[in-house]
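1. Output the structure for:
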Amino acid sequence: MSDLVPLSQARCMPRKGQEHRLGEASVRELLAQVPDWELAEGGHALVRTFAFPDYYRTMSFVNALAHVANREDHHPDLSVHYDRCVVRFSTHDVGGLSENDFICAAKADLLAG
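-> Below is the predicted model:
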């Protein structure tokens, strides 16, 4: 990922095959750009819980994130609750994390404000 383009402004690209899976050094470098996210599942996924004051705001975030995911063609796993949404990104087609996961994580951060 180029340092000239912030993750939140980058676009996802189709990623298939293990050659697109990020190595540990790249994961650590990109993780620093989305500091509220955590590695999960042995470093194969990014996870963050977004908290909201009520169900309406939670669902507004979920719907906005669904729009972004559709536009980027990169879809998270979501666990939706009354006052929070747990978002999990992983690129199944590469067997772990790709740049797309970090791009979408940054875009989710922007949505949450």
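2. and residue 48, that's in a helix?
-> No: going by DSSP: H, G, I helix; E, B strand; the rest coil, the assignment for residue 48 is strand, not a helix.
3. how deep is it tucked in, by neighbour count?
-> 19 (other C-beta atoms under 10 Å). Just so you know, the C-beta spots here come from the backbone N, C-alpha and C atoms, and that holds for glycine as well.
4. What ranges does this protein have for its helices?
-> Ranges of helices in the chain, per DSSP state H, are 24-31, 55-72, 99-112.
5. could I get the ones you listed as JSON lines with mean pLDDT?
-> Listed next are the helices of the chain as JSON lines, based on pLDDT from 0 to 100:
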{"stretch": "helix 24-31", "mean pLDDT": "96"}
{"stretch": "helix 55-72", "mean pLDDT": "98"}
{"stretch": "helix 99-112", "mean pLDDT": "97"}
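6. Take those helices and lay them out in JSON lines including mean neighbour count and distance to residue 18.
-> Listed next are those as JSON lines, based on neighbours: other C-beta atoms under 10 Å; distance: least, C-beta to C-beta, whole Å:
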{"stretch": "helix 24-31", "mean neighbour count": "15", "distance to residue 18": "14"}
{"stretch": "helix 55-72", "mean neighbour count": "15", "distance to residue 18": "21"}
{"stretch": "helix 99-112", "mean neighbour count": "22", "distance to residue 18": "14"}
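7. okay, those helices in JSON lines with distance to residue 81 next?
-> Listed next are those as JSON lines, based on distance: least, C-beta to C-beta, whole Å:
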{"stretch": "helix 24-31", "distance to residue 81": "25"}
{"stretch": "helix 55-72", "distance to residue 81": "7"}
{"stretch": "helix 99-112", "distance to residue 81": "15"}
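8. For residue 48, find the nearest of those.
-> In terms of C-beta to C-beta, the element of those nearest to residue 48 is helix 99-112, at 7.0 Å.
9. What's the local residue count around residue 85?
-> Using other C-beta under 10 Å, residue 85 has 22 other residues around it.
10. go on, residue 52?
-> 18.
11. dump the residue contacts of residue 19.
-> Contact analysis of residue 19 by C-beta atoms under 8 Å, 6 or more residues apart in numbering lists residue 94.
12. Having no further points to raise, I will conclude here.
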